[in-house]
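1. Below are the sequence and a predicted model for it; my questions follow.
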Amino acid sequence: MKRLVLAVDCGSTNLKVGLFDGALERLAEAVVPVVYTCQGPERYEFSPETFWDSAYGTMRELGDLAGVTDLALSSQAQTFLFTDPAGKPLTPAVSWLDRTATAEAEEATVRLGSEFHRHCSFPAPLPQLQLCKARQWLDREPALADARLVTLPGWLALHLGAGNGTDENLAAMGGLYSLSRRDWWPEALAFAGLRADQLPRLVRLGEAIPARPDIPGFPPDLRVTFAGNDQTAGAYGNGVGEGTVLATLGTALVAYRCVGDRPGACRPGVFRGPYPGNRHYELATRDEGCLALDRVRQERFSGLSVREFDHLAAAYQPTPESILFHPERQSLPAAADPAELAYATLEGIGFALRELLEDGLGLARGRETVKLAGGGGKSPVWRQLIASILNGPTVRAEGDALLGAAALALGIEPPAGADQGRCEPDPVQVDLLERRYRRWRRHD
């Protein structure tokens, strides 16, 4: 049977839809922004009806839906809404960006804290978790006592006749699911004020659910696949397995690796959960990534393009005594030479990535190939510098969450991909960068 997959990535900034054939060739793609009804500084909500209309309209734009055999759904973590038993929304969609449930997070830490990471992907209760925000809404709106909690991919699946569902990868990030039990966590449900029958159907990561859509365009025998969080789908789309790490040089720094068939360790600051193929992942993150780079460029290099900034940094030859850049510091180091500051900025974020890999994920330097994603991963200057910092090869990540979701729907392992933009460590620079990294760690 000819396969045709619509992959949907429910991001927090954009909704992305891609059309793939059975060989994972991308035939078409579209991106539309998510429109928020409340957007910051702590509260983030949007209309679920508008989100569905955007998703359905975008899917129809990509081609004839009658030929689609599979729909694959990856999603931002945590986002949910409450509906009545018939699926009518009773609340807005509450984004994972929403941080208003601080009091509930503090109480959850007291009630569940000592055992929390054994059950949840997150090391500790946070205001963003479904656990905390569901409690907040149920305390504030007693009429929701018998409402259904619906995940964002579950909201799309409901419209397509597949029912409200969620996979174990996404469920483990909400605080209501137990990794050790592989089921909903009774103590967490009691804290939130929920019953198991109010929650989505649990499915395996990558499991296809028969759907019976009664909306125009779709065939009557569509299959809906739940493809997990967008970080996991993106890692899978980049062919991440044992021996490789996906590092995202985006607004934040994110390091993601597959740890095989053993669960990830319960280490402080490290996230863990299910990965495709009955495997597991570990993830570590830091806020200081390209956000720090943007700050430097805005304050000292206004008007300079990304390419010009890279060329400026590449032209500088560092010495052991050259200035150091710490991304978390608000003040920028003084530098008479603009090229020195440009270089130090890229180097400092590269040092932060090394620290994240070694201290966060416990990786030995140079043991694994690092695939670099995000805006920074496109920079050959930065890839080369990071290869020398890590004393190991780096390559440019080419896949994304859409490709990973489509591959899960098709039940195939995505290709690892060619070593695009591969960079090897520069032996001349490795020793110098090791000395500079030790200085950087001392915050000299």
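-> Received the coordinates, thanks.
2. residues touching the spatially most distant residue from the centre of the chain, list them.
-> Within the chain, residue 336 marks the point farthest from the mean C-alpha position, 38.3 Å out by CA atoms, centre = their mean. Residue 336 is in contact with no residue at all, counting by CB atoms under 8 Å, 6 or more residues apart in numbering. C-beta here means a position set from N, CA and C on the backbone, and glycine is covered the same way.
3. for residue 8, same thing?
-> 15-17, 55, 59, 71-74, 153, 156, 402, 405.
4. Quick check: of these, which lies closest to residue 259?
-> Residue 259 has its nearest neighbour among those in residue 74, at 20.4 Å by CB to CB.
5. Please tell me how far the residue nearest to that closest one when sequence neighbours are not counted sits from residue 12.
-> Sequence neighbours aside, residue 233 is the residue nearest to residue 74 in space, at 3.8 Å (criterion: CB to CB, 6 or more residues apart in numbering). With distances defined as CB to CB, to the nearest Å, the gap from residue 233 to residue 12 amounts to 14 Å.
6. related to what we said a few turns ago, Three-state assignment for the residue nearest to residue 74, please.
-> At residue 233 the chain is in helix, as set by DSSP: H, G, I helix; E, B strand; the rest coil.
7. what about it, neighbour count?
-> Residues within reach of residue 233, counting by other CB atoms under 10 Å, total 31.
8. Distance-wise, check it relative to residue 240.
-> 11 Å.
9. before we move on, the earlier item: got the contact list for the residue nearest to residue 74?
-> The contact partners of residue 233, by CB under 8 Å, 6+ apart, come to 9, 74, 227, 401, 402, 404, 405, 408.
10. Model confidence for it, exactly?
-> In this model, residue 233 is scored at 96, pLDDT.
11. quick one: the strands in the stretch 151-300 of the chain?
-> With strands called from DSSP state E, counting those that start in this stretch, the stretch 151-300 of the chain shows them at 165-167, 177-178, 183-184, 201-203, 208-210, 223-229, 244-249, 253-260, 270-275, 279-286.
12. Could you single out the most deeply buried of the ones you listed?
-> Stretch with highest mean neighbour count among the strands of the stretch 151-300 of the chain: strand 223-229 (a mean of 29; mean count of other CB atoms under 10 Å).
13. Against which helices or strands is it packed?
-> Counting contacts by 3 or more CB pairs under 8 Å, 6 or more residues apart in numbering; DSSP states H and E, strand 223-229 packs against strand 70-75, helix 152-159, strand 165-167, helix 168-171, strand 208-210, helix 401-410.
14. one more time with 7 Å, if that's ok
-> strand 70-75, strand 165-167, helix 168-171, strand 208-210, helix 401-410 (3 or more CB pairs under 7 Å, 6 or more residues apart in numbering; DSSP states H and E).
15. Would you mind giving those as JSON lines with mean pLDDT and distance to residue 108 added?
-> Listed next are those as JSON lines, based on pLDDT from 0 to 100; distance: least, CB to CB, whole Å:
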{"stretch": "strand 70-75", "mean pLDDT": "96", "distance to residue 108": "22"}
{"stretch": "strand 165-167", "mean pLDDT": "96", "distance to residue 108": "20"}
{"stretch": "helix 168-171", "mean pLDDT": "97", "distance to residue 108": "17"}
{"stretch": "strand 208-210", "mean pLDDT": "94", "distance to residue 108": "31"}
{"stretch": "helix 401-410", "mean pLDDT": "96", "distance to residue 108": "29"}
